[in-house]
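**Q** sequence first, predicted model second:
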Amino acid sequence: MRLQLSSVGFGYRGRTAVRAVGFKASGGEIIALVGPNGAGKSSLLRLCAGLLDPARGQIVLDGFDLRELAPGQRARRIAYMPPDGSSAWPMPVRRIVALGRVPHLKPLRRLTAEDEAAIDTALDRAGIAGLAERPFDQLSSGERARVLLARALATQADLILLDEPTAALDPRHQLAVMDILRAEANRGALVIVAAHALDLVARYADRALLMQEGRIMADAPPAQSLSEAHIAEVFGVVAPGGITPTPLRLTD
Ligand SMILES: Nc1ncnc2c1ncn2[C@@H]1O[C@H](COP(=O)(O)OP(=O)(O)OP(=O)(O)O)[C@@H](O)[C@H]1O
């Protein structure tokens, strides 16, 4: 699959959030969106998900303008994980993950064995099989984040958009989630992930798009886009020698 953005612009009631953004990406890649609070990362993800419409420019998925794709097709092809799990749905975890299969259901049909298998696999991979019957609103924030990840995985989409999926996670689950995203890219999905954990981005992303005030000011492998000079300019912090990939790894 190929995604292409050309001169995409978007604003909220006059406040510009995304300015003249353009990039191309393909299945197999992990692309990280990096930048300070308010830089436009979440807005750009929501544009790619089709949840917002560009005011200017175009977003093209495999030759089709995102706005021309039928809603059902868009929902099967694109999975979106929102930034936090604070929504207080008093629903069992399994039912929330099952929502990831809704785009695959025929009208008025129940979940098939294939849907149930996709839900089980997603619960397992996110490490939350043991929480399947627990109410979502009684989980910790990290547990809720993994439920929303599982819902996105259950869709088996070929464009996976995630807004700060590791923000609430402990170190082991941060690595586990990034390993899952790598596996999704390896099966051919395009993964676009907004993240503040620069050491994880340096380790896992193929490209880091560094955003500042709605623009992309660098689009390169993390070793280049997260250079000391860029980090100083964009974040106002000194990262001696640039960002070092996290040295943490899972125990055997
Ligand atoms: N619903 C909204 N209504 C009005 N302005 C908004 C809305 N959502 C975001 N903005 C503004 O758009 C700009 C970009 O916000 P966005 O959430 O895309 O940034 P971000 O890079 O994801 O930030 P963060 O790192 O804090 O999550 C900011 O100036 C923000 O205040």
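**A** All right, it came through fine.
**Q** okay, CA-based contacts and neighbour counts for the rest of this
**A** OK.
**Q** how about the residues of this protein by the ligand?
**A** Residues of the chain found near the ligand (C-alpha under 6 Å from any ligand atom) are Y12, A17, P36, N37, G38, A39, G40, K41, S42, S43.
**Q** the strand or helix carrying R95 packs against which elements?
**A** Taking DSSP states H and E as the criterion, R95 maps to helix 93-98. Contacts defined by 3 or more C-alpha pairs under 8 Å, 6 or more residues apart in numbering; DSSP states H and E place helix 93-98 against helix 113-125, helix 141-154.
**Q** the last one: what's the following helix or strand?
**A** The reference is to helix 141-154. strand 159-163.
**Q** rounded mean pLDDT for that following strand, please.
**A** Averaged across strand 159-163, pLDDT comes to 98.
**Q** check stretch 143-151 too.
**A** Rounded mean pLDDT across stretch 143-151 is 96.
**Q** outside of stretch 172-190, which residues touch it?
**A** The contact list for stretch 172-190 (C-alpha atoms under 8 Å, 6 or more residues apart in numbering) reads 1, 25-31, 125-126, 157-160, 165-166, 191, 200, 204, 248-250.
**Q** give me the nearest residue to A150, chain neighbours excluded.
**A** The spatial neighbour of A150 that comes closest, neighbours along the chain excluded (C-alpha to C-alpha, 6 or more residues apart in numbering), is A122 at 4.9 Å.
**Q** so the one you found makes contact with R151?
**A** Yes: using C-alpha atoms under 8 Å, A122 is in contact with R151, at 7.2 Å.
**Q** so what sits against both of the two?
**A** When contacts are counted by C-alpha under 8 Å, 6+ apart, A122 and R151 are jointly contacted by V97.
**Q** quick one: list the elements packing against the helix or strand hosting C48.
**A** Element membership of C48 [criterion: DSSP H and E] is helix 41-49. In terms of contacts (3+ C-alpha pairs under 8 Å, 6+ apart), helix 41-49 is packed against strand 15-26, strand 78-81, strand 159-163, strand 190-194.
**Q** the longest one to strand 159-163, inter-axis angle?
**A** Spelled out, it's strand 15-26. 140 degrees (axes from the mean of the first three to the mean of the last three C-alpha atoms, to 10 degrees).
**Q** repeat that for the last one.
**A** Here strand 190-194 runs at an angle of 10 degrees relative to strand 159-163 (the same axes, to 10 degrees).
**Q** number the chain from 13, please
**A** In the new count, where the first residue is 13, that last one comes out as strand 202-206.
**Q** after strand 202-206, next one along is what?
**A** Going down the chain from strand 202-206, the next helix or strand is helix 210-216, by DSSP H and E.
**Q** so what touches that following helix?
**A** Helix 210-216 is touched from outside by 42, 44, 46, 187, 190, 194, 207, 220, 234-235, 238, 255-258, with contacts defined as C-alpha under 8 Å, 6+ apart.
**Q** drop anything exposed from these.
**A** Using 16 or more other C-alpha atoms under 10 Å as the burial test, the contacts of helix 210-216 include 42, 44, 46, 187, 190, 194, 207, 220, 234-235, 238, 255-256 as buried.
**Q** poorly predicted segments of the protein, please.
**A** Scanning the chain for pLDDT under 70 picks out the ranges 97-99.
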